[in-house]
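Trainee: Give me a 3D structure for the following:
(one chain, ligands or ions: 1)
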Amino acid sequence: MSDVIKLPVSKGFGETDRTDKWWAQPLWMGSALTLAMIYTFLRLIFFDGAIHYDNHRVTSPIFSPDIIHLWGLSVPGWANSAMLILWIPFGFRGTCYYMRKVYYRTFFASPTACVVSKPHLVKSMGYRGERGLFVLNNIHRYMLYLAMIILLMKYYDIFHTISFDQNDGTTSFGISVGTFVLAAESFLLTMYVGSCHAFRHIIGGGTNKWRKGFSRLQGKFFWRISSINVHHGFWFWTSLAMVFIGDLFVWGVAEGILSDPSIVF
Ligand code: FES
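Mentor: Residues are numbered from 1 along each chain as shown. Next up is the predicted model:
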């Protein structure tokens, strides 16, 4: 008979009878999220001078959609588009069901991990999870609607990368590495949004009989989305990583450190 871990587990942060490296995944996830937040903060506040190149042909994913340029907004010199729009992807990701699991575990240690005791501090503070401050996470479905608008604007940005301004004032069409970088970012973001639990519910989760007519179509979509929904965590991390890879690429080209090979027709 296999060994059985008796409940309740011993008390005190990290106390457990588990012998595996249960702390490894929360550690690298917490480190990655912290790094992402620090990078974004520094880029927005101190290093926002090179967010596009070729006269806005290619724009960094962090600053896209560049609504200040697109809509000709009049803003103070220190402001940039990311400051105006990042609350949408931040709110969308921050209320994501998968993301909640990550930061509840990594930053609040509640739960710390399966069969691993919580810190005493969390208990003494009366942490109430989604019955307390985190009840706000229920706005996720509304953040989804806004994220879908941002996603559409990202596709506009890809389209924009194929339009090359010429010296004589005309425009030619072509393709460059920047096009593929933005396309990869938009694809991963599409998979992340498309595998969202709230999106799956909108498509077909509200009904449990998909027998005929439109409901039959809903059922087909529902099962298709369900098949990518099981990999939602993968799409979360890859789409997030691509935002920063894309930003570094655009930043590098804008600063003249990297080149953006292109074919113009
Ligand atoms: Fe993760 Fe909706 S559940 S984006």
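
Trainee: Could you use CA atoms for every contact and neighbour count after this?
Mentor: Noted.

Trainee: Could you find the closest non-adjacent residue to the residue in the stretch 1-150 of the chain that the ligand sits nearest to?
Mentor: As assessed by C-alpha to the nearest ligand atom, the ligand sits closest to Cys96 within the stretch 1-150 of the chain, at 3.7 Å. Nearest residue to Cys96, sequence neighbours excluded (C-alpha to C-alpha, 6 or more residues apart in numbering): His140, at 6.6 Å.

Trainee: Buried by neighbour count: which residues of the helix or strand where the one you found lies qualify?
Mentor: In the assignment (DSSP states H and E), His140 maps to helix 140-161. Using 16 or more other C-alpha atoms under 10 Å as the test for burial, helix 140-161 gives 140-141, 143-144, 147-148, 150-151, 153-155, 157-161.

Trainee: which residues touch Thr40?
Mentor: Ile62 (C-alpha atoms under 8 Å, 6 or more residues apart in numbering).

Trainee: Helix or strand for it, just tell me which one.
Mentor: Per DSSP H and E: Thr40 is located in helix 24-45.

Trainee: Quick check: mean pLDDT of that helix?
Mentor: Helix 24-45 shows an average pLDDT of 96 in the prediction.

Trainee: what's the distance between it and the middle of its chain?
Mentor: 12 Å (C-alpha atoms, centre = their mean, to the nearest Å).

Trainee: Next SSE downstream of that helix?
Mentor: Defined by DSSP H and E, the subsequent element after helix 24-45 is strand 52-53.

Trainee: still on that earlier bit, what lies in contact with the helix holding His140?
Mentor: With C-alpha under 8 Å, 6+ apart as the test, helix 140-161 has contacts from 57-59, 64-65, 88-89, 91-92, 95-96, 175-176, 178-179, 182-183, 186, 189-190, 193, 198-199.

Trainee: List the ones among those residues that fall in strands.
Mentor: Among the contacts of helix 140-161, DSSP state E puts Val58, Thr59, Ile175, Ser176 in strands.

Trainee: For burial, what's the neighbour tally of the last one?
Mentor: Residue neighbour count, defined by other C-alpha atoms under 10 Å, stands at 16 for Ser176.

Trainee: All set, thanks.
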